[in-house]
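Participant: Below is the sequence, then the predicted model.
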Amino acid sequence: MKIGIIGATGYGGLELIRLLTNHPRVDEIHVFSSSEENIQISHKYAHLTNILEQPLQAIETGALSNLDVVFTGTPAGVASTILPQLLGTGPKLIDLSGDFRIQDPTIYEHWYGKPAAPKEAVKQAIYGLPEWNRREIANSELIANPGCYPTATLLSLLPLIKENLIDASQLYTDAKSGVSGAGNKPSQLTHYSELNENFSIYKINQHQHIPEIEQTIRTIAGSEPLLTFNTHLVPMTRGIMATSYAPLTDGTTEKHLKEALHEAYDSEPFVRVFEDKPVFNTKQVYGSNYCDIQIAVDPRTNRATIIGVIDNLMKGAAGQAVQNMNLMCGLDEKAGLTVVPLMI
Ligand SMILES: NC(=O)C1=CN([C@@H]2O[C@H](COP(=O)(O)OP(=O)(O)OC[C@H]3O[C@@H](n4cnc5c(N)ncnc54)[C@H](OP(=O)(O)O)[C@@H]3O)[C@@H](O)[C@H]2O)C=CC1
Ligand SMILES: CC(=O)N[C@@H](CCC(=O)OP(=O)(O)O)C(=O)O
């Protein structure tokens with residue numbers, strides 16, 4: 001297969017290259033850039049020397065429509081101007097940004113502060129969370145790859161809400177991310193001297209992933225949610241931990257919650273359910289496509305604590321995007337993704 005990556009010089013793009021150079025069904029990888037042309041990507045990123053020797057090309061519809069799959073790993077508001085023109089021209093399209101995730105354009109514009117993608121394209125886009133949307137993904141032409149925080153939060157909450165075991169109208173999620181979640185553009189928050197020995201909360205009650213999580217709970221679990229959601233930056237490179245709290249519904253026990261998680265995920269290749277581990281951390285998924293989940297009930301408050309961990313660049317971005325590509329192309333869903341977490 002011939003693959004194109006727009007935004008190949010970004011963190012999501014580089015992670016796609018890492019996975020796709022090792023994918024059994026990928027023959028060619030073409031890399032596109034809005035800022036540089038005709039220099040080898042390996043000149044910019046030495047780790048790709050002798051692995052991917054390809055020039056960065058200008059983003060041009062003709063070159064893109066000859067490919068089998070096109071990924072966009074671009075900032076919000078970019079893919080919505082490129083991918084609609086490619087719909088129906090041949091390639092399968094997978095966007096890592098939020099541009100096609102939110103169905104209501106006024107909600108997208110409110111939370112992202114950018115013009116929404118054309119309505120017809122958003123309507124065609126399938127939310128790429130394979131554990132819950134596998135059949136629709138396999139038949140789609142355009143995938144809205146989920147956000148990193150929503151992936152960890154939704155995978156851990158959806159089975160419990162769908163079975164009405166926790167009260168979706170009283171959800172609280174406290175999420176923490178490594179700094180690669182912010183991409184390769186430096187900012188004050190990610191400047192070394194302000195990141196190191198520091199721990200920040202940011203976008204307090206304003207994070208753009210709130211409507212994505214609420215929309216998906218509504219469409220997949222069929223409940224009307226109300227979520228308080230906050231995000232924190234941890235001085236580490238990769239990893240997300242999303243810790244959610246919710247009251248149990250009447251008659252629910254910890255055993256019911258554990259059974260619902262096992263039922264949902266025991267046959268899934270990339271979700272692992274853990275029980276009663278005293279220590280649970282982001283390193284157990286580092287560099288891999290796993291989402292690990294654990295729950296505990298506090299009998300004093302009758303609330304559940306539900307924890308999901310992922311690598312933001314893998315299950316939170318490029319890994320999940322390759323999983324979606326495999327499904328869209330009728331390949332083994334695990335192809336190119338069976339990497340062991342880099343614990344040490
Ligand atoms: N980092 C993460 O963990 C996750 C990121 N995402 C989302 O994925 C997308 C990519 O993220 P990430 O890789 O971290 O971001 P980066 O900032 O690292 O990279 C984005 C790339 O997009 C390209 N770009 C910038 N402006 C334009 C433009 N106007 N037109 C075309 N290309 C442009 C740039 O490459 P060039 O200058 O070469 O064109 C840049 O390298 C974002 O929307 C992000 O929110 C989603 C989940 C997780
Ligand atoms: C640490 C950090 O800054 N993370 C980013 C995640 C960006 C992202 O994934 O944004 P979209 O999914 O909306 O494209 C943030 O919180 O905005």
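Facilitator: Nice, I can see it. Residues are numbered from 1 along each chain as shown. Ligands and ions are numbered 1, 2, ... in the order given.
Participant: Go through stretch 37-55 and flag the buried ones.
Facilitator: 41-42, 45, 48, 52, 54 (16 or more other Cβ atoms under 10 Å). (C-beta placed from N, C-alpha, C; glycine too.)
Participant: Max pairwise distance over these: which two?
Facilitator: Y45 and Q54 (11.3 Å; Cβ to Cβ).
Participant: Contact partners for P341?
Facilitator: Residues near P341 by Cβ atoms under 8 Å, 6 or more residues apart in numbering: 283-288, 290, 311.
Participant: So which of the residues you listed belong to helices?
Facilitator: Assigned to helices by DSSP state H, none of these qualify.
Participant: For A63, which residues are in contact?
Facilitator: 4, 30, 32, 57.
Participant: Hmm, the third one is touching A58, no?
Facilitator: Yes - in this structure, F32 sits in contact with A58. The criterion is Cβ atoms under 8 Å, and the distance is 7.2 Å.
Participant: just checking, what packs against the lengthiest helix in the chain?
Facilitator: Secondary structure of the chain read by DSSP H shows that its longest helix is helix 148-162. Applying 3 or more Cβ pairs under 8 Å, 6 or more residues apart in numbering; DSSP states H and E, one finds that helix 148-162 contacts helix 130-138, strand 171-177, helix 209-216, strand 227-233, strand 240-247, helix 254-265, strand 291-298, strand 303-310.
Participant: got the angle for it vs helix 130-138?
Facilitator: 100 degrees (axes from the mean of the first three to the mean of the last three Cα atoms, to 10 degrees).
Participant: wait, what's in contact with the nearest residue to D266 once chain neighbours are set aside?
Facilitator: Of all residues not flanking D266 in the chain, V273 sits nearest, at 7.1 Å (Cβ to Cβ, 6 or more residues apart in numbering). Contacts for V273 (Cβ under 8 Å, 6+ apart) come out as 258, 261-262, 265-266, 293-294.
Participant: can these go into JSON lines with extra columns for distance to A8 and pLDDT?
Facilitator: Output for the contacts of V273, formatted as JSON lines (distance: Cβ to Cβ, whole Å; pLDDT from 0 to 100):
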{"residue": "K258", "distance to A8": "42", "pLDDT": "98"}
{"residue": "L261", "distance to A8": "36", "pLDDT": "98"}
{"residue": "H262", "distance to A8": "39", "pLDDT": "98"}
{"residue": "Y265", "distance to A8": "32", "pLDDT": "98"}
{"residue": "D266", "distance to A8": "36", "pLDDT": "98"}
{"residue": "I293", "distance to A8": "32", "pLDDT": "98"}
{"residue": "Q294", "distance to A8": "35", "pLDDT": "98"}
